[in-house]
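Peer 1: coordinates only, sequence not included:
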Ligand code: SAM
């Protein structure tokens, strides 16, 4: 078993009531048993249980089992859904490697208020389950226009208007991130290098492109729309900044689309 704790690690760990119930009544552990703990900051540790009463539980974390590793620089942006589907989507996005979750309000978004504290609890449970040591952040909802306006990273939009269109979404995602990485690198080079020869377009493009292909892909955001889909006005906001991809011939529910799109990103990153 793996549990998220708030304490600094290594050190003493106090379990909350939910954790005490889980350790005592579900797993039937006792003092002397060990579990794994993480706090999102200090890697993963073995925690030896000292006390496990009906209400209180504590342990000592002294042996490190794994170091802190960062999450992928991948934002999962989504129109909020009704509670059960939202819970599912947030849990799956965490399992599928999102590093930050961004609720985005679109024209056809019906759910406009969300309980980020509750969703954070879902995220933590997903982290406990899937073995990651960093906890994705969830931010307060933002309007689509503001989200797009402030975005400084590649954006891939799952667009139901493309359902059934031919294309290779994995190649599209890969090309878009490499293109953005190339542009970013070229801008940095232009700003820092003064030598006209080095700035020669052919040499620069060739070397930057090669570096980008071999690099881990750059910062990326993906966006899934609401049950009502995107409006034509919103589609106009996407171009030419974002790339739009199809998730296949069928119109998927937004929570299914989350898993499908993040699986394509995973495929594009390898
Ligand atoms: N009600 C909309 C319609 O019938 O056109 C469907 C919206 S769908 C339930 C919700 C979101 O999932 C879409 O905005 C899109 O982001 C994504 N999605 C679902 N199926 C898709 C597909 N085949 N290709 C691309 N995106 C898809």
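Peer 2: It's in. Given the structure is predicted, the values throughout are model-derived calculations rather than measurements. Numbers count the residues shown, from 1 in each chain.

Peer 1: so which bits of the stretch 151-270 of the chain are right by the ligand?
Peer 2: Taking Cβ under 6 Å from any ligand atom, the part of the stretch 151-270 of the chain that reaches the ligand is made up of 158-160, 162-163, 224-225, 227-230, 246-248, 250-254, 257. For glycine as for every other residue, the C-beta is placed from the backbone atoms N, C-alpha and C.

Peer 1: which single residue of the protein ends up nearest the ligand?
Peer 2: Residue nearest to the ligand within the chain: residue 225 (2.3 Å; Cβ to the nearest ligand atom).

Peer 1: that residue - nearest residue in space that isn't next to it in sequence?
Peer 2: Excluding the flanking residues, the one nearest residue 225 by Cβ to Cβ, 6 or more residues apart in numbering is residue 79, at 5.4 Å.

Peer 1: could you do residue 244 as well?
Peer 2: Take residue 244 and drop its neighbours on the chain: the residue closest to it by Cβ to Cβ, 6+ apart is residue 159, 4.1 Å away.

Peer 1: just residue 42 next, same as before
Peer 2: What sits nearest to residue 42 in space, not counting adjacent residues and going by Cβ to Cβ, 6+ apart, is residue 9, at 4.1 Å.

Peer 1: can you report phi and psi for residue 117?
Peer 2: Note on residue 117: backbone dihedrals following degrees, to the nearest 10 are phi -60, psi -40.

Peer 1: what's the neighbour count on it?
Peer 2: Residue 117 has 8 neighbouring residues, counting by other Cβ atoms under 10 Å.

Peer 1: check it and give its pLDDT.
Peer 2: Residue 117 is assigned a predicted lDDT (pLDDT) of 95.

Peer 1: map the structural domains onto the sequence of this protein.
Peer 2: 2-66, 74-175+214-268 (automatic domain parsing).

Peer 1: measure the last one end to end?
Peer 2: Distance across domain 74-175+214-268, first residue to last, is 13 Å (Cα to Cα, to the nearest Å).

Peer 1: now, the residues of the stretch 151-270 of the chain next to the ligand that are in helices?
Peer 2: Under the assignment DSSP state H, those contribute 254, 257 to helices.

Peer 1: packing partners of the helix or strand harbouring residue 174?
Peer 2: Secondary structure from DSSP states H and E places residue 174 in helix 169-192. Under the contact criterion of 3 or more Cβ pairs under 8 Å, 6 or more residues apart in numbering; DSSP states H and E, helix 169-192 touches strand 154-158, helix 201-214, strand 243-245, helix 254-268.
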